[in-house]
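A.B. asks: 3D model of this:
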Amino acid sequence: MVAIKFLCTLLIIATATLVTVVDAFNPQLMLKLVNNERKKAGVPELTLDSKLSKAAQKQTDFMVSTDNLTHDNPAGSLGKRVQDAGYSFGSVGENIAKGFGTNEEAGVMQIWMKSSGHRANILNKAFTNLGVGFGGGKYWTQVFGRPSRATRKSKRNVTKPARLIEN
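C.D. replies: You can find the predicted model right below:
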């Protein structure tokens, strides 16, 4: 009986570890890849933002739960989702992709850079921050933003979603 409990405990630990490994990715690497492209284009670098990453991960989690590549979400528009994550924005944009696994940050970036809409978000001079999400072993989300400025009124700008990409 003790041996069975021990084996069950090991199975639970192994399963939890597997889930963690499958959905592990490197946000800093994604930021570096984005900034490399921006540098080549003469555009200022972005900084990783935890609130935008929260919004990106929530969109990724929704896509995983529905197994559907989509910018839509019952939680609301991109602007609402970003605000709900605590990021007060002046401009915001989103890239999504499906079909690239763990440790394929470079692959998904290459595909995004070949798409005019995704490339436009990555190289948009208005954006200063980036949030990233990954899940389900194949879903990716980038959320780009520029915070609103308290010292000046700025019209909020939500960029049109780029075309959907599946690998």
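
A.B. asks: Which positions in the strand or helix carrying M109 come out as buried?
C.D. replies: For M109, the host element (DSSP states H and E) is helix 105-114. Of the residues in helix 105-114, E105, V108, M109, I111, W112, M113 count as buried by neighbour count, 16 or more other CB atoms under 10 Å. Just so you know, the C-beta spots here come from the backbone N, C-alpha and C atoms, and that holds for glycine as well.

A.B. asks: Surely the fifth one and R119 touch.
C.D. replies: Spelled out, that is W112. Yes - using CB atoms under 8 Å, W112 is in contact with R119, at 6.7 Å.

A.B. asks: Can you name every helix or strand that the helix or strand following the helix holding M109 contacts?
C.D. replies: Using DSSP H and E, the helix or strand that follows helix 105-114 in sequence is helix 116-123. Applying 3 or more CB pairs under 8 Å, 6 or more residues apart in numbering; DSSP states H and E, one finds that helix 116-123 contacts helix 27-40, strand 89-98, helix 105-114, strand 139-147.

A.B. asks: can you tell me how far the closest residue to T70 other than its chain neighbours sits from G79?
C.D. replies: Distances taken as CB to CB, 6 or more residues apart in numbering put M63 closest to T70, at 6.3 Å, once the chain neighbours are dropped. Look at M63 and G79: by CB to CB, to the nearest Å, they are 18 Å apart.

A.B. asks: Which one's more surrounded, these two?
C.D. replies: Taking neighbours as other CB atoms under 10 Å, M63 and G79 compare with M63 leading, 25 against 16.
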